[in-house]
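Novice: dropping the sequence and predicted coords here.
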Amino acid sequence: MALSLVAANGLYPLAETSEIIGATINSKYRRNEMTIKRYDLCSRMSQAVVHGDTIYLSGQVADDWTAGIKQQTEEILHKIESILHSLGSDKSKLLSAQIWLADVREFDEMNAVWEGWIDPKNPPARATTGPTLAHHHVRVEIAVIGVL
């Protein structure tokens, strides 16, 4: 029986095998050229990591902590869009987003900014929670995963 692996960037034939359980992948078709690239790193984290065609952005917060939830969300989304663009991607290629709100009562204000920003034809999967954030002036933090 011939098997194929469907990946985001194509169809990869797998080795034929009579064993379905424990099937082995023919190494000439294995995608082993995937590298990890880290961007804007410090001793604690990278702002972005690219593995293969996948982009992982660290949680972004606003630089202006005196601003309200609307302005902080706008600033963060601008930062995310700039980072994606610098890596050769854009918001239409987002796969998922995690949003942390310091106060879930500000959900509607944040969500109005988010809905005005996302590509409505390509919205990512998303989760929003209300934990205690690292600094009491940070109203919102957003992390995303996308593709090149």
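Specialist: Noted; the coordinates are in hand. Numbering: from 1, shown residues only.
Novice: ok but Tyr39 is inside a strand, no?
Specialist: Yes - counting by DSSP: H, G, I helix; E, B strand; the rest coil, Tyr39 falls inside a strand.
Novice: in contact with it, which residues?
Specialist: Ser46, Gln47, Ala48, Val49, Val50, Ile83, Leu87 (C-beta atoms under 8 Å, 6 or more residues apart in numbering). All C-beta spots, glycine's among them, are computed from the backbone N, C-alpha and C.
Novice: wait, a helix at Glu115?
Specialist: Yes - according to three-state DSSP, Glu115 belongs to a helix.
Novice: could we number from 240 for the rest of this?
Specialist: All right, first residue 240 from here; so that's Glu354.
Novice: about what we covered before: so of the contacts of Tyr278, which ones are in strands?
Specialist: Using DSSP state E to define strands, the subset of the contacts of Tyr278 located there is Ser285, Gln286, Ala287, Val288, Val289.
Novice: out of those residues, which comes closest to Lys276?
Specialist: Checking those against Lys276 by C-beta to C-beta gives Val289 as the nearest, at 4.6 Å.
Novice: helices and strands of the chain: which one bottoms out on pLDDT?
Specialist: Of all the helices and strands that make up the chain, strand 242-246 has the lowest average by mean pLDDT, DSSP states H and E, namely a mean of 41.
Novice: where do the helices sit along this structure?
Specialist: Secondary structure of the chain by DSSP state H: the helices cover 308-325, 346-356.
Novice: how's this protein carved up into domains?
Specialist: 240-272, 273-386 (automatic domain parsing).
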